[in-house]
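What shape does this take:
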Amino acid sequence: MRSIKDIAATLAMLAAAATLAGRAQAQQLGGGIPRITFPENEIGKRVCRFQGLTERVPKGMMFQGYLVIFNNRCNRIDVMDIADPRAPKTVKTFTFSGQGDDHTTPTAGTMIMDGGTLLDLKDPANPKVVGTNAGFYGSVWPAFQWPYFYSTRSYDDASARSSPMYIVDYSNPGRGNIVKQVGVQGTLGFTTGSTQVIGNILVVTSGDQFAGVSTWDLQDPENPKLLDAVKTGPSMYTSQMYGKYLVTSGPQNMGEVGFFDISDPTAINMEWREVVAGMGDYASFQNGFMFGGKINNGEFVKYDIKARKTVLHAIMPDKHTSRYCYPMGNMLWVGDAGRDGTNGTANESNLFVHQSRPDSIAPSVLFINPANGEPRLATTARIGIAFDEELDNRTLTSENISIHAKGSVTPISGVYGHTMGVVNFTPDQPLQANTTYEVVVRAGGVKDWTGNPIAGEFGFRFATGATVDGGAYVNSVGVNAPRPWRAKARLSGDASPGGGLSFRLQGTPTGIGRVGRLMISDMAGRERLRIDVDTDAITQGWSLDAGRTGGLGRGIYRARMVSGSADLSCAVFLKGR
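Residues are numbered from 1 along each chain as shown. The predicted model follows:
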């Protein structure tokens, strides 16, 4: 494992080359999304068509003020100026060698990750490849939190069901370095498809029409530790973060969506599920609305999450595939599945109108990690903030999102990354031990792509020591802020040498007795082992040797301890003998 100091030195070198210019002042590049009012009779109708594309077009996104369209499997991007969305202008068409098949394209500074290929768009008219695939096959929906890329194998690959999750370090210019392979599919017992990262939480979900959601502690970014896993909920194809929710969608055209609350990553809770007519296997979000489209059928929907109802159901001309949707102010970019759809090789993407008026809703913070007032963070911890819409990457600066030691006015340096409304910050240097940090999102600072600035200041505190100086940050009344951190007694478990399990009780649960009952069940909910335990022993650390667990076999289990009125549980992975 490379040291943090080595990585920091490399980051400094990259910054000197301007690759990480995302921490600098916002640059005046493209004009963003124009504030245009469309006639009411154009709602649900096409504004323009982007043609002349090849293979498949699974991703469009705003970056550096332009619309960037990814033509995957042919390794090509088209940078488009949409100042006049009815007549967009091509700024640059750029092809590159390597492999790019992601259906999400997370960013870091002025860089975009596409299928393991790292592109620098500091100058959108002159893109550059600054990192190449390290010899692995990128997944359809990977996560990227500088400098680490987390990717499971694409589940349309024949060997995907037994493949690991790759952790790839891109801090060295030129080529990613595989630092670890984690056998998540063997651990979880379900085929994996999507990965998401916010702060110190890694989420790995199922794919290929199975159900499964897992959370991992990422404070040591090269060594994720399983926190919880569930195999309940709807079948899913992909997943996406929206605030505190991990939202699953799919498979194919079944329209199933599931909202999993991961605000406590040690206790995943499926809050609700629904079949949304017109939804497919990919979801995107903006200001409380969910967007999605069907493969082959040529229809897409806009869904009001709070009201739980569809407010727009539109049909594509000629019923071309509408699998990939990306909201852009009052417009919606719709991408074609290409070879997966009915169009054969006539691939295209389009802009549609989903509301008449220009977007005038300011972005707001929905979820954060670390939590406000949370102590005992590792010095390698990251900071994550989930907004309710995509932000102009040029406004992600230390002036607009200040991260500093409490009592200091100097922000710590680092890299801001962004994907689908989730902003992650990686410090250049390890955090100081026993120190309280403040994160302040300044009023009027970060903006969405239509130019709407965040209205009010929002802040939170966390500490690398046992206490947070000053407690949780106090936000203004009316700010839609995530709940502050609260101390919680927790049962944790892990594999022990020789094929056993070890457990530890952290904190003192209300109503706990001196003796408890530990029950271990498989992921289907079948109880496999029941043992009486001394709760004091578990507080100190207590193990089940391989002789007691030999009948369980390798896999993931749920441990539940009941003592008095206390009832605690955790997920644990048994490696076997």
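
what's the residue closest to the geometric middle of this structure?
Nearest to the centroid of the C-alpha atoms of the chain, with distances taken as CA atoms, centre = their mean, sits residue 196, at 3.0 Å.

Three-state assignment for it, please.
Under DSSP: H, G, I helix; E, B strand; the rest coil, the three-state class of residue 196 is strand.

surely it meets residue 202?
Yes - using CB atoms under 8 Å, residue 196 is in contact with residue 202, at 7.4 Å. The way it works is simple: take the backbone N, C-alpha and C, and place the C-beta from them, glycine included.

Find the residues that touch each one of these two.
When CB atoms under 8 Å, 6 or more residues apart in numbering defines a contact, the residues bordering residue 196 and residue 202 alike are residue 143.

before we move on, back to that, so what sits opposite the residue nearest to the centre of the chain in the bridge?
Counting by DSSP bridges, residue 196 is bridged to residue 203.

One more: residue 226?
Beta-bridge partners of residue 226, as defined by DSSP bridges: residue 216.

Could you report the separation of the residue lying closest to residue 444 once chain neighbours are set aside from residue 411?
Sequence neighbours aside, residue 453 is the residue nearest to residue 444 in space, at 4.6 Å (criterion: CB to CB, 6 or more residues apart in numbering). Applying CB to CB, to the nearest Å, one obtains 19 Å for the distance of residue 453 from residue 411.

circling back: who is the residue nearest to residue 444 paired with across the strands?
When bridges are called by DSSP bridges, residue 453 pairs up with residue 447.

That one and residue 441 touch, don't they?
No - Residue 453 is not in contact with residue 441 according to CB under 8 Å; the separation is 10.7 Å.

related to what we said a few turns ago, pLDDT wise, what is the residue nearest to the centre of the chain at?
At residue 196 the predicted local distance difference test score is 93.

who's in contact with it?
Contact partners of residue 196, counting by CB under 8 Å, 6+ apart, are 143, 202-203, 205, 239-241, 246, 422.

Highest neighbour count among those?
Using other CB atoms under 10 Å as the neighbour definition, the contacts of residue 196 reach their maximum at residue 205, which records 30 neighbours.

what's in contact with the helix or strand hosting that residue?
For residue 205, the enclosing helix or strand under DSSP states H and E is strand 201-206. When contacts are taken as CB under 8 Å, 6+ apart, the neighbours of strand 201-206 outside the stretch itself are 143, 150, 152, 165, 184, 188, 190-197, 212-218, 224, 227, 236, 238-239, 241, 246, 248, 262, 265, 369, 384.

Just the pLDDT at residue 322, thanks.
pLDDT for residue 322: 71.

cool, residue 342 as well?
The score at residue 342 is 45. That number is its pLDDT.

what about the closest residue to residue 445 other than its chain neighbours, distance to residue 121?
Leaving out its chain neighbours, the residue that sits closest to residue 445 by CB to CB, 6+ apart is residue 400, at 3.1 Å. For residue 400, the distance to residue 121 (CB to CB) stands at 20 Å.

higher neighbour count, those two?
More neighbours sit around residue 121 than around the other of residue 400 and residue 121, counting by other CB under 10 Å; the figures are 24 against 21.

Would you mind measuring from that one to residue 90?
15 Å.

Could you do residue 495 as well?
In this structure, residue 495 lies at 54 Å from residue 90, with CB to CB as the measure.

Which one's more surrounded, the two?
Shown here are residue 495 and residue 90; by other CB under 10 Å, residue 495 has more neighbours (18 against 12).

That one and residue 574 touch, don't they?
Yes - checked against CB under 8 Å, the pair residue 495 and residue 574 is within contact range at 6.1 Å.

any shared contact partners between those two?
Shared contacts of residue 495 and residue 574, defined by CB under 8 Å, 6+ apart, are found at residue 501.

if we can go back for a sec, more neighbours: residue 453 and residue 441, which one.
Between residue 453 and residue 441, counted using other CB under 10 Å, residue 441 has the larger neighbour count: 22 against 16.

Next, the contact list for the more buried one, please.
365, 385, 400-401, 454, 457-459.

Just the buried ones among these, please.
The neighbour-count test (16 or more other CB atoms under 10 Å) marks 365, 385, 400-401, 454, 458-459 as buried among these.

didn't residue 450 look like it was pressed against residue 31?
No - in this structure residue 450 lies outside contact range of residue 31 using CB under 8 Å: 10.7 Å.

Look at those two and report which has more neighbours.
Relative neighbour count places residue 450 above the other of residue 450 and residue 31, with 21 against 14, counting by other CB under 10 Å.

For my notes, confirm the more buried one occurs in a strand.
No - assessed with three-state DSSP, residue 450 is coil; it does not lie in a strand.

check contacts around the residue in the chain sticking out farthest from the centre.
With CA atoms, centre = their mean as the measure, the chain has its most outlying C-alpha, relative to the mean C-alpha position, at residue 514: 40.9 Å. The contact partners of residue 514, by CB under 8 Å, 6+ apart, come to 534-536, 563.

Scan these and report the most crowded one.
Counting neighbours by other CB under 10 Å, residue 563 comes out on top of the contacts of residue 514 with 22 neighbours.
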